[in-house]
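Peer 1: Sequence below, structure please.
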Amino acid sequence: MSTQIQDDGRDVGNSVVESKDSSILDQDRPGQAESDSTPTMVNPHSLMRLLQCPRCSRSLRVPFRLPCGNTLCRACLPPVTKRDIRVSYPQDESRKEGFWCFWHTENQDDRFAVEHSMGDCGVDVTVGKVVEVLEQIANSDDYHTERGGEASVRMSWTRTDEEFRTAVLEEGAYLGTFRLIRDGELEYDARDVVYPDMETLRAKDQEVLERFRRDVRNELDCQVCYGLLLDPVTSPCGHTFCRRCVAMIMDHSDLCPVCRRRLAAAMTAKDSGHKNAILMALIDILYPDEIRSRRESAEAEGDTDSERDVPLFISTISFPHMPTFLHVFEDRYRLMMRRVMEHRNGRFGMVMYNLQSNNRPLRTFMPYGTMLRVDRFEYLPDGRSLVSTVGTTKFKVVDFNVVDDYYVARIERVDDLPLAEEEALEARELAANPRPIADAPSPDGNAAGDQTPIPLEALTTQELYKMCLDYAEKRRSEASPWLHRRILSTYGPPPTDPARFPYWLASILPLSEKEKYKLLPMRSVRERLKLAASWVRMFENPEWNSPTSSFTGSVL
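Peer 2: This next block holds a predicted model:
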């Protein structure tokens with residue numbers, strides 16, 4: 001009896017290739033094993049192709065991940081050159097070099113061309129370890145020809161069934177296919193790979209698959225929760241975590257827990273290029289029951305993007321990374337805070353009252369808010385409490401209801417744009433708003449030697465940041481009351497990170513809540529700095545609180 005397996009031949013990067021035939025050796029599809037102790041015999045080519053470079057067709061050597069989600073050998077990377085793009089944020093040397101993506105046309109003049117920054121790329125440490133495990137099994141003395149018979153494989157590089165090449169797999173279907181890939185004898189875009197007569201090697205292949213599954217298991221654990229990777233995402237530093245765990249990490253810090261390099265804010269987005277399709281496919285094939293159980297548990301708790309039953313404190317406006325101090329005295333919020341401290345790891349949402357001035361029926365609070373983490377909680381004898389919190393992430397309320405007289409909501413995270421999009425935004429605005437070289441801005445954002453303000457769109461992101469920073473330093477030297485030492489001791493010195501600076505400035509400036517609220521929906525660092533720079537110009541203008549000013553009545 002012979003069994004034939006045919007791949008559908010779609011070139012989809014390193015994603016898993018499904019079989020046309022519903023019978024995959026054991027007449028089951030991947031992920032339908034009765035038990036994780038006996039993994040389903042899957043198509044050898046579909047499994048090994050996950051670890052094959054789409055450029056050189058060999059097994060991945062120093063796997064290198066691209067922002068588009070594809071992975072190739074580090075040596076197969078296109079030529080790296082200096083990027084011809086005028087941007088100032090972020091100031092990272094690694095972002096000054098880049099290359100044109102293979103998968104988005106090699107023609108740099110094409111409107112579909114995509115240039116990747118080296119700062120967004122990195123070695124995939126986990127996939128590299130998976131390949132090493134497979135190499136060790138293939139190089140061991142346990143799977144020589146004397147242990148069993150041989151199997152042949154027919155391979156086609158054409159769209160017809162007539163032109164097949166034949167290879168003999170002495171090590172069995174799995175290791176034999178891996179050897180062909182490792183030696184460059186099986187091209188990545190091979191359309192059909194057919195395995196006739198697998199019966200003589202069924203026991204050996206089952207043993208190889210089980211050993212691979214056992215040996216690689218420790219490499220597929222998340223370094224945060226120590227469980228099997230769920231929705232794995234890989235940072236440019238090369239380390240992989242569960243997407244939910246990254247969201248939890250970034251509530252406290254933006255540094256990788258392994259190497260302490262900065263994590264990308266966009267890692268938690270579902271459509272992010274940080275999603276690791278190779279590891280997701282491997283886990284689905286090798287550990288179907290375990291990963292199914294993990295997904296069910298995660299769904300019961302709510303996913304990363306849409307968290308359910310978040311208690312809302314309706315009071316003032318809060319910002320990420322900034323402190324908020326609360327005096328809790330209402331009965332409904334006393335109950336809410338007790339439950340927060342008991343069941344929600346000290347996290348709740350802060351939203352501000354709805355400030356709309358019309359008479360239409362409106363909900364009580366504004367749709368955007370900030371998640372707060374309790375830093376200090378002190379009960380008072382009469383049941384009141386004093387709470388010190390720190391902002392973590394922004395969110396948007398999707399739905400809500402009332403529980404025991406306080407609001408609970410389903411929320412979606414509001415993360416910043418990926419750095420590549422941030423760079424593109426700055427480049428577009430600077431190109432659309434050119435200024436003469438002689439018009440280098442003074443610290444107040446005006447053209448040097450001129451009182452004419454340069455349009456904010458014509459300033460680089462770093463110039464916007466420096467303009468706001470210089471203004472804060474100037475007012476501090478003048479002993480401005482909103483920069484009193486007690487305020488600085490509470491909110492800290494001006495942040496060196498331009499992404500956080502607008503939140504700090506909004507926390508201490510005497511502005512209305514309505515004006516400050518504009519920061520919460522903004523996902524762009526540049527847009528937030530432009531808003532902060534507009535505040536600076538208004539404050540520096542003697543007419544800023546005149547009857548014709550948009551800031552009339554804004555000062556608290």
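
Peer 1: Could I get the pLDDT score of A432?
Peer 2: Model confidence at A432, given as pLDDT, is 90.

Peer 1: ah, wrong one, I meant F313
Peer 2: 95.

Peer 1: Hmm, it is touching F348, no?
Peer 2: Yes: the criterion here is C-beta atoms under 8 Å, and F313 meets it with F348 at 5.8 Å. Just so you know, the C-beta spots here come from the backbone N, C-alpha and C atoms, and that holds for glycine as well.

Peer 1: Give the residues shared as contacts by those two.
Peer 2: Listed contacts common to F313 and F348 are 336, 372; contacts here mean C-beta atoms under 8 Å, 6 or more residues apart in numbering.

Peer 1: For V233, list each beta-bridge partner.
Peer 2: Beta-bridge partners recorded for V233 (DSSP bridges): F241, K275.

Peer 1: Return the residues in contact with N354.
Peer 2: Counting by C-beta under 8 Å, 6+ apart, N354 has contacts 362-366.

Peer 1: Show me where the stretch 451-556 of the chain has its helices.
Peer 2: Along the stretch 451-556 of the chain, counting by DSSP state H, counting those that start in this stretch, helices occupy 461-477, 485-491, 501-508, 513-517, 525-540.

Peer 1: same check, this time on the chain
Peer 2: Applying DSSP state H to the chain gives helices spanning 44-49, 125-139, 173-182, 202-216, 243-250, 277-286, 288-301, 331-343, 419-432, 461-477, 485-491, 501-508, 513-517, 525-540.

Peer 1: Output those helices in a markdown table, with mean neighbour count appended to each entry.
Peer 2: A markdown table is the format used below for the helices of the chain (neighbours: other C-beta atoms under 10 Å):
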| stretch | mean neighbour count |
| --- | --- |
| helix 44-49 | 24 |
| helix 125-139 | 18 |
| helix 173-182 | 24 |
| helix 202-216 | 18 |
| helix 243-250 | 22 |
| helix 277-286 | 21 |
| helix 288-301 | 14 |
| helix 331-343 | 16 |
| helix 419-432 | 17 |
| helix 461-477 | 19 |
| helix 485-491 | 12 |
| helix 501-508 | 23 |
| helix 513-517 | 18 |
| helix 525-540 | 21 |
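
Peer 1: check contacts around S59.
Peer 2: Taking C-beta under 8 Å, 6+ apart as the test, what S59 contacts is 51-53, 131, 134-135, 178, 181-182.

Peer 1: Could you break this structure into its assigned domains?
Peer 2: Listed by automatic domain parsing, the domain ranges of the chain are 1-217, 220-301, 306-414, 419-540.

Peer 1: related to what we said a few turns ago, looking at the helices of the stretch 451-556 of the chain, which is nearest to K394?
Peer 2: Closest approach to K394 among the helices of the stretch 451-556 of the chain (C-beta to C-beta): helix 501-508, 9.7 Å.

Peer 1: name the helices or strands packed onto that closest one?
Peer 2: helix 461-477, helix 485-491, helix 525-540 (3 or more C-beta pairs under 8 Å, 6 or more residues apart in numbering; DSSP states H and E).

Peer 1: elements contacting the first one?
Peer 2: Under the contact definition 3+ C-beta pairs under 8 Å, 6+ apart, helix 461-477 sits against helix 501-508, helix 525-540.
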